[in-house]
Structure formats: C-alpha cells, structure tokens
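Novice: 3D, please:
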Amino acid sequence: MTEAKRDVIRTTDAEAIRLAKTLVRSARFGALAAIEPGTGSPLASRVGVATDIDGAPLILVSMLSAHTGALLADSRCSLLVGEPGKGDPLAHPRITLICRALRLERGSADHARAERRYLNRNPKARLYAGLGDFSIFRLEPERASLNGGFGKAYLLERADLITDGRVVEELAASEQPALDHMNADHRDALAVYARHFGGAAGESWIATGFDADGMDLASSDAVCRVFFPRTLGAADELRAVLVEMASTGRAAG
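Specialist: Residues are numbered from 1 along each chain as shown. Model (predicted):
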C-alpha cells in the first residue's frame, strides 16, 4: 500500500464499525453490482434490501431480472447502501460490501428465516414474494469499503460486520414471538427507544427485527436503528435489556 493510500484510509475503530452496521441495517434499498454473463461487464441494478439476524444483506429478486441471471452465473457482487440527504450527496455516509451471493433454497430453514425477516422489513413485498419466479439471495460479505463523508474512509473485514456464535441461532428461534409481543403490547416502549436511543420523532413505531447488537424500527417509510447498551450473549438476555432501555428512556423524559 502506498503512503498516499495509507493517508486516505483511517484505522477502523468501534465508531466506524457502528456506522457501517447502521448503514447496512437501516438500508431499505441498495445498488447491486453483478457481472454480466458473456461480456464480463459490470451490471448495476436497484434492489430492495433487508438483513439476516447475523447482519448479512438479503435481497428478493425475480428470476426474470438480468441481475439474477448474473448472480447465478457468477456469485461475485457488491452492494452499495447509504441514502443521501440534503445538499451534496457525496457528503453523506455510504458503504460498499464485496459479497458472494447465495441463493436460498425454498422450503429450507434458512429461506424461511430470511423470508420472514425480509417481509417484516418490506411488508409490501408480500404481494410477490410467494411467486415461483422470485428467489431470496443472501449476500455473504467478504470485506467492505466505508465512506463516512469527506476524509473518512475505512476498510472493514467480514468479522466487523457479521455476528457469529450460538446467539444467532437462538435469536432466530425466538425473534418473531418477541417482535409480535412488542408490537402488540409495548408500542409505547418502542417510541421511547426510537426517541431516546435513535433520535427519531413520532409515536407509531413498530419493531421489524432483533439481533445481538440491537433492533430495527419502522414507521411508514421511516426506519430507525437502535443499538443495545451491550451486545447480547444469549437470546434470553433480550427481555432484560429491553426493560432496562425503556426505563432509561422514560427517566430521561
């Protein structure tokens, strides 16, 4: 690596990793780049995005789409996420993940979990998710390039983005009942999480996903990523953390 390159890339720290995870977990869509069969040319498309419990991106795509054929021919791809706000779009954070695309077999446990999480995040996709020509792909991150704004460039590894360990499988088994319970009985607490921990306004938030690092909330087209005060070591720690956060948020007014 040249001296100039070293000067550009910052040391990846906890703040950069949290920003990267926030961008990926908060993404509603992204730009998918694949390799066009036959020509080897880059092929970019917009796709809807969700995340698996461990943090890997999920996409739901039609077999009739050019990018789906490209992924089946060559699994190498990249996904760019990060929504621009007001002003210069290049001043806003974004991340490009270098991935391998894995098509999930319909009827498998992995597909059922991924479909559940995708539809929780993108409920309008229920209109076509069950059609025979649609497939869910899990994008396995190998590395990533994070641009946190001007002069804030970082290189991340898979371990910076993906959660491993028993807690992932435990949460996969218990997540949906926890979501249903919170959305049915504790909408007030969800609003507290969004306001106090996520800096988001409004009262009509629902939980769309729990993972070891935090939770994803949605209100209409708005999304909010909230991190837990500590990473869960086991799924049975979730309830205590949620109660603690609700108490903290309410005490803060």
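
Novice: mind listing the helices for this structure?
Specialist: With DSSP state H as the criterion, the chain has helices at 3-8, 14-26, 66-73, 109-121, 158-161, 166-185, 187-192, 238-251.

Novice: need the ones you listed in a markdown table with distance to residue 147 and mean pLDDT, can you?
Specialist: (Glycine included, C-beta is placed from N, CA and C.) A markdown table is the format used below for those (distance: least, Cβ to Cβ, whole Å; pLDDT from 0 to 100):
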| stretch | distance to residue 147 | mean pLDDT |
| --- | --- | --- |
| helix 3-8 | 10 | 63 |
| helix 14-26 | 10 | 98 |
| helix 66-73 | 23 | 97 |
| helix 109-121 | 24 | 98 |
| helix 158-161 | 15 | 98 |
| helix 166-185 | 28 | 98 |
| helix 187-192 | 31 | 98 |
| helix 238-251 | 30 | 98 |
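
Novice: right, and those helices - which one's nearest residue 91?
Specialist: helix 14-26 (14.3 Å; Cβ to Cβ).

Novice: still on that earlier bit, can I get the helices of the chain in a markdown table with distance to residue 38?
Specialist: As requested, the helices of the chain are exported to a markdown table (distance: least, Cβ to Cβ, whole Å):
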| stretch | distance to residue 38 |
| --- | --- |
| helix 3-8 | 34 |
| helix 14-26 | 31 |
| helix 66-73 | 9 |
| helix 109-121 | 29 |
| helix 158-161 | 30 |
| helix 166-185 | 38 |
| helix 187-192 | 49 |
| helix 238-251 | 48 |
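
Novice: Those: which one's closest to residue 55?
Specialist: So among the helices of the chain, helix 158-161 is nearest, using Cβ to Cβ, at 5.4 Å.

Novice: What helices and strands are in contact with the closest one?
Specialist: Packing partners of helix 158-161 (3 or more Cβ pairs under 8 Å, 6 or more residues apart in numbering; DSSP states H and E): helix 14-26, strand 134-147.

Novice: Could I get the buried residue list for that helix?
Specialist: 158, 160, 161 (16 or more other Cβ atoms under 10 Å).

Novice: any residues touching stretch 152-165, and which ones?
Specialist: If you take Cβ atoms under 8 Å, 6 or more residues apart in numbering as the criterion, stretch 152-165 is touched by 8-12, 16-17, 20-21, 24, 53-56, 93, 95, 97, 141-148, 211-213, 231.

Novice: So what pairs up with residue 62 in the strands?
Specialist: Beta bridges link residue 62 to residue 134, judged by DSSP bridges.

Novice: Nearest to residue 204 among the helices of the chain would be which one?
Specialist: helix 187-192 (7.7 Å).

Novice: What residues sit buried inside that closest one?
Specialist: Neighbour-count burial for helix 187-192 flags 189, 190, 191, 192 (criterion: 16+ other Cβ under 10 Å).

Novice: neighbours around residue 182, how many?
Specialist: 21 (other Cβ atoms under 10 Å).

Novice: Name whatever forms a beta bridge with the closest residue to it other than its chain neighbours.
Specialist: In space, and not counting its chain neighbours, residue 182 is closest to residue 207: 4.9 Å by Cβ to Cβ, 6 or more residues apart in numbering. Taking DSSP bridges as the rule, residue 207 bridges to residue 217.
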